[in-house]
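Enquirer: attaching a predicted model along with its sequence, questions to come.
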Amino acid sequence: MTKVNMLPAVFLISSCNSFVLTDPAIYINDYFFGFESDNVSAQAYSDSEYSFANIKIGRGPAANVVLAYVNDGIYEWRSNDGITIYTNNGVIVKTLGLEKDINYGIVKSINFSSTEAFTSTGSLYGPDLIKTPITHNFLNMDEVKLIERLGEEIITNVLMHEIYIPSIKWSAKNYFYYDLNNNLVRSEQKIHPNLPKIRIDFFIK
């Protein structure tokens with residue numbers, strides 16, 4: 001990845017979808033059948049000047065966040081309603097503004113090609129669990145999956161990130177999908193015991 005178009009820090013795209021729900025009746029229907037915002041069209045991608053990601057938390061509506069900064073391999077994604085998500089090679093390592101935030105305390109660059117597990121000292125919030133060891137392990141699943149993207153199906157390779165927090169005996173398996181050019185296109189991550197799974201589709205420009 002050699003070129004990334006980022007949003008200027010002082011400006012957020014006003015057309016970016018919000019995580020806020022406005023119509024309960026529409027929400028209940030779309031909760032079961034999917035929301036219009038869950039998929040990004042080829043036209044929407046073409047019209048966007050900046051890199052962005054489409055984020056879906058649990059079965060709620062998806063929303064777009066734009067790339068504001070890249071700092072030492074950490075990507076900072078911002079929504080227009082005050083949510084900030086930080087990723088390291090696609091792995092969510094810190095959040096601000098969610099109902100349950102996390103900070104995994106990862107300072108090294110994440111390398112999916114490494115089979116060596118490592119431990120970080122991170123924190124969970126709501127309820128608070130401060131500076132606890134978190135074990136990380138990355139595995140190549142040796143499998144492929146078809147993913148719908150920009151109106152067509154693409155073949156992806158699947159990698160897995162296992163996390164384990166010994167102090168609360170909680171673990172999760174998170175999945176990352178790379179196209180045949182080794183570009184990360186999607187992740188599915190459970191980052192907090194009290195948060196549903198988060199799906200992120202990445203659109204880098």
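Expert: Yep, it's here. All values reported here derive from a predicted model rather than from experimental measurement.
Enquirer: quick one, strands of this structure?
Expert: In the chain, strands defined by DSSP state E lie at 52-57, 63-71, 74-78, 84-88, 91-96, 102-103, 118-124, 129-149, 152-165, 170-178, 184-189, 198-203, listed in chain order.
Enquirer: and the last one, what does it pack onto?
Expert: Spelled out, that is strand 198-203. Contact analysis of strand 198-203 by 3 or more Cβ pairs under 8 Å, 6 or more residues apart in numbering; DSSP states H and E lists strand 52-57, strand 184-189 as its packing neighbours. C-betas here are computed from N, CA, C, even on glycine.
Enquirer: pick the most deeply packed of the ones you listed.
Expert: Counting by mean count of other Cβ atoms under 10 Å, strand 52-57 has the highest mean neighbour count of those, with a mean of 22.
Enquirer: shaky segments in this structure?
Expert: Regions of the chain meeting the criterion pLDDT under 70 cover residues 1-3, 6-37.
Enquirer: what do you get if the cut-off is 80, keeping everything else the same?
Expert: Filtered on pLDDT under 80, the chain yields the residue ranges 1-38, 114-115.
Enquirer: can you give me the buried ones in stretch 132-145?
Expert: Neighbour-count burial for stretch 132-145 flags 134, 136, 138 (criterion: 16 or more other Cβ atoms under 10 Å).
Enquirer: could I get those residues as JSON lines with distance to residue 127?
Expert: Below are the buried residues of stretch 132-145 laid out as JSON lines (distance: Cβ to Cβ, whole Å):
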{"residue": "134", "distance to residue 127": "16"}
{"residue": "136", "distance to residue 127": "22"}
{"residue": "138", "distance to residue 127": "28"}
